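In: Show me the folded form of this:
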Amino acid sequence: MTGRSATGAAVRRSAFVDLDQQPWTRCRSCRTLLYRKRLRRNLDVCPECGDHRRLEAPERIRQLVDRGTFSQLPDVAAQVDPIGFVDSMPYPQRLAAARAETGLAEAVLCGTASIGGHRLVLAVMDFRFLGGSLGSATGELITRAAECALAGRLPLILVTASGGARMQEGVLALMQMATISQAIAALREAGLLTVSLVTDPTYGGVAASFATCTDIVLAESGSRLGFAGPRVIRQTIRQTLPEDFQTTDFLLRHGQVDMVVERSVLRARLGWLLAAAVRQ
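Out: Numbers count the residues shown, from 1 in each chain. Reported below is the predicted structural model:
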């Protein structure tokens, strides 16, 4: 499979209404009618209110890395169905539908690239693929990316967007939290930079493991990060939560992330971190 953008009529769960054949779109945050080409020139950030649209993995990579430098790591469209899971359709059919809609083999796109002339390995999750859920194949691909970084003595950047572990695979999905975290620990022990870029949304097992165990944790402006959603937490502890709970500003104030960065300066900020790591 290649990292091409989706070509089907998939429903995008984003901050904007997608009318694929229309030149205009409406921001769901401020309701401003926006010219689609202007929105794309602004990196899919609303120029009126600053609301950040969710990005597909190929578009995220295009925005972040030096042009023409991305080389995808080999991936395999593994058919993992350990518990024969069926909801409204069998799990293998749901996987096939996600692959057809997104053009991706799994919920992550991994490869090598350069940012500001500095070589690195990156793994970019895609929320369109079953909510960016962490399944066995997804975990294997991210682990391979970390191993590739270790073998080449390169920094690793993880871009997270996930609802958590993939329930259709049971405990095997949960095991990926430990597997990836151990691969990141090996990079840290080798003195190689690891960076997590948290994007909206990052929840569940991903938030509780590798999204927050890297050397540096960045959060894109407007992102949400947490183990469970606010409604679940509120119903569990039966307490009122702060209004800005799990938002980037709240997370920064409480030391959960190191920096909150606007999309327009993300590439420059990552380039600065990579340059600083080289000078060490």
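In: pLDDT score for residue 267?
Out: Reported pLDDT at residue 267 in the predicted model: 97.
In: quick one: low-confidence parts of the chain?
Out: For the chain, the stretches flagged by pLDDT under 70 are 1-21, 77, 279-280.
In: let's go with 90 and repeat that
Out: 1-22, 28-29, 51, 74-80, 82, 229-231, 242-244, 277-280 (pLDDT under 90).
In: ok, longest strand in it?
Out: strand 194-203 (DSSP state E).
In: Tabulate the CA atom coordinates of the helix or strand following that one in PDB.
Out: Next helix or strand after strand 194-203 toward the C-terminus (DSSP states H and E): helix 204-207. Extracted as PDB, the C-alpha positions of helix 204-207 are listed here (Å, rounded to 0.1, in the frame of the first residue of the first chain):
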ATOM      1  CA  GLY A 204      -7.100   6.100  25.600                       C
ATOM      2  CA  GLY A 205      -4.100   3.700  25.500                       C
ATOM      3  CA  VAL A 206      -2.200   6.000  23.100                       C
ATOM      4  CA  ALA A 207      -2.400   8.900  25.500                       C
END
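In: And the strands in the protein?
Out: 24-26, 33-35, 71-72, 108-115, 118-125, 156-162, 194-203, 216-220, 225-226, 259-261.
In: Could you dump those strands into CSV and include distance to residue 270 and mean neighbour count?
Out: The way it works is simple: take the backbone N, C-alpha and C, and place the C-beta from them, glycine included. CSV is the format used below for the strands of the chain (distance: least, C-beta to C-beta, whole Å; neighbours: other C-beta atoms under 10 Å):
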stretch, distance to residue 270, mean neighbour count
strand 24-26, 28, 16
strand 33-35, 27, 13
strand 71-72, 18, 12
strand 108-115, 5, 23
strand 118-125, 9, 24
strand 156-162, 7, 28
strand 194-203, 7, 25
strand 216-220, 8, 22
strand 225-226, 18, 22
strand 259-261, 9, 17
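In: possible to save those as CSV with distance to residue 269?
Out: Output for the strands of the chain, formatted as CSV (distance: least, C-beta to C-beta, whole Å):
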stretch, distance to residue 269
strand 24-26, 27
strand 33-35, 26
strand 71-72, 23
strand 108-115, 10
strand 118-125, 13
strand 156-162, 11
strand 194-203, 9
strand 216-220, 7
strand 225-226, 18
strand 259-261, 5
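In: Between the ones you listed, which one is closest to residue 250.
Out: strand 225-226 (9.4 Å; C-beta to C-beta).
In: Direction included, what does the closest one pair up with?
Out: The strands beside strand 225-226 in its sheet (DSSP bridges) come out as strand 194-203 (parallel).
In: From the chain's centre, how far out is the partner strand? Work that out for me.
Out: 6 Å (C-alpha atoms, centre = their mean, to the nearest Å).
In: Now do residue 83 against residue 68, distance only.
Out: Separation of residue 83 from residue 68 (C-beta to C-beta, to the nearest Å) stands at 43 Å.
In: The two: which has the busier surroundings?
Out: A direct count of neighbours by other C-beta atoms under 10 Å for residue 83 and residue 68 places residue 83 higher, at 12 against 8.
In: can you count the residues close to the residue nearest to the more buried one when sequence neighbours are not counted?
Out: Leaving out its chain neighbours, the residue that sits closest to residue 83 by C-beta to C-beta, 6 or more residues apart in numbering is residue 170, at 5.0 Å. Under the neighbour criterion other C-beta under 10 Å, residue 170 is assigned a count of 14.
In: Kindly report the same for the one 4 residues further on.
Out: Applying other C-beta under 10 Å, we find 18 other residues in the vicinity of residue 174.
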